[in-house]
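> Any chance you could fold what I've pasted below:
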Amino acid sequence: VALLNPVVLPATIVIGLGAGWWMARTRKHAADKQHMKQWLVESIADGRSTLDQLVAEQLIEAEQQLTLALDDALGRRIDAIEADLKEVDKAIKMDAQERSRKLAELGRRIKEVGDGRDRAEVLLGRIRALRDQH
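Predicted coordinates:
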C-alpha cells in the first residue's frame, strides 16, 4: 500500500481536477443555454408586440380612409339623388308613362345607395372586429 501511494495520489488528484473541470464546463454550458433560451423568448415576445402594434395602426388607418371615402361617395350619391329629384319634379309635368319610367329609375338608384351603405357598414364592422381581435 505504501508503494502505491506515490502513484495513486497524483492519479487521484488528476482525476479529481479533471472531474472538477468537466463539471464546471457542463454547468457553464447549461447556463449559456438557459441564457440563450431566455433571450430568444424575450426577442420573440418583443417582435410579436411590435408586429401587433403595426397591424393595429394599419387597421385604424385603413378604417379612417375607408370612412372618408365612404362619406365622400355617399355625399356625391346624395347630390346625384337630389338632382334626380329635381328632374322628378319636372317629370310631374310629363305624361304618365314617362313619369313612371323616371320613378322606377330613381327607386332603383335609391336602392343601390342603400345597398352600398349596408355593404360599407358590414365591411366597417368586419374591420373593427378584426382590429379588436388584435
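> what mean pLDDT does stretch 101-116 have?
Stretch 101-116 shows an average pLDDT of 90 in the prediction.
> what about the biggest helix by length in the chain, average pLDDT?
Using DSSP state H to define each element, the chain has its longest helix at helix 5-91. In this model, helix 5-91 has an average pLDDT of 91.
> relative to helix 5-91, how tilted is the helix or strand following it?
Going down the chain from helix 5-91, the next helix or strand is helix 96-133, by DSSP states H and E. Going by axes from the mean of the first three to the mean of the last three C-alpha atoms, to 10 degrees, helix 96-133 is angled at 160 degrees with respect to helix 5-91.
> shift numbering so it begins at 36
Okay, using 36 as the starting number, the last item reads as helix 131-168.
> Give me the helices and strands touching the longest helix of the chain, please.
In terms of contacts (3 or more C-beta pairs under 8 Å, 6 or more residues apart in numbering; DSSP states H and E), helix 40-126 is packed against helix 131-168. The C-beta positions use only the backbone N, C-alpha and C, and glycine is treated the same way.
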